[in-house]
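Asks: Dropping the sequence and predicted coords here.
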Amino acid sequence: MKKESSLSTEQIDRVIEMAWEDRTPFDAILIQFGLKEEAVIKLMRSEMKSSSFKMWRARVQGRKTKHLKQRGNNVDRFKCSRQKGISNNKISKR
């Protein structure tokens, strides 16, 4: 497992972005960055303002969408149903 101190600035920004999103499970962060939920919480605490961290923590705590074990089996782990595919390096238009 990686330590949060071994991540680049861009990786830290992406972890924070993923952790802030309600639909991104902690397991996705573990797979992509090697950080367990506890390490993500520690990273968020150190990188965010205290009030922002408290607001995020209250929102995330116990949320089913942040924990794959609490989600149903019919949920796509990494892609929202409204998310469009990317082809030829250009985002598909609606």
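Replies: It's in. Numbering: from 1, shown residues only.
Asks: which residues does Met44 contact?
Replies: Ile16, Ala19, Phe53, Trp56, Arg57 (CB atoms under 8 Å, 6 or more residues apart in numbering). (Each C-beta comes from the backbone N, C-alpha and C, glycine too.)
Asks: Among those residues, which one sits closest to Thr9?
Replies: Nearest to Thr9 among these, counting by CB to CB, is Ile16 at 10.8 Å.
Asks: got a list of what that closest one touches?
Replies: Contacts of Ile16 by CB under 8 Å, 6+ apart are Leu43, Met44, Glu47, Met48.
Asks: Tell me which residues of the particular helix or strand that has the first one in it come out buried.
Replies: Element membership of Leu43, judged by DSSP states H and E, is helix 37-47. Using 16 or more other CB atoms under 10 Å as the burial criterion, the residues of helix 37-47 that qualify are Glu37, Ala39, Val40, Ile41, Leu43, Met44.
Asks: picking that back up, out of the contacts of Met44, flag the one nearest to Ile31.
Replies: Closest to Ile31, out of all of the contacts of Met44 and judged by CB to CB, is Ala19, at 13.8 Å.
Asks: wouldn't that closest one be in contact with Leu30 here?
Replies: No - Ala19 lies out of contact with Leu30 (CB atoms under 8 Å); the separation is 11.4 Å.
Asks: Give me the more crowded residue out of the two.
Replies: Each of Ala19 and Leu30 has its neighbours counted (other CB atoms under 10 Å); Ala19 has more, 22 against 17.
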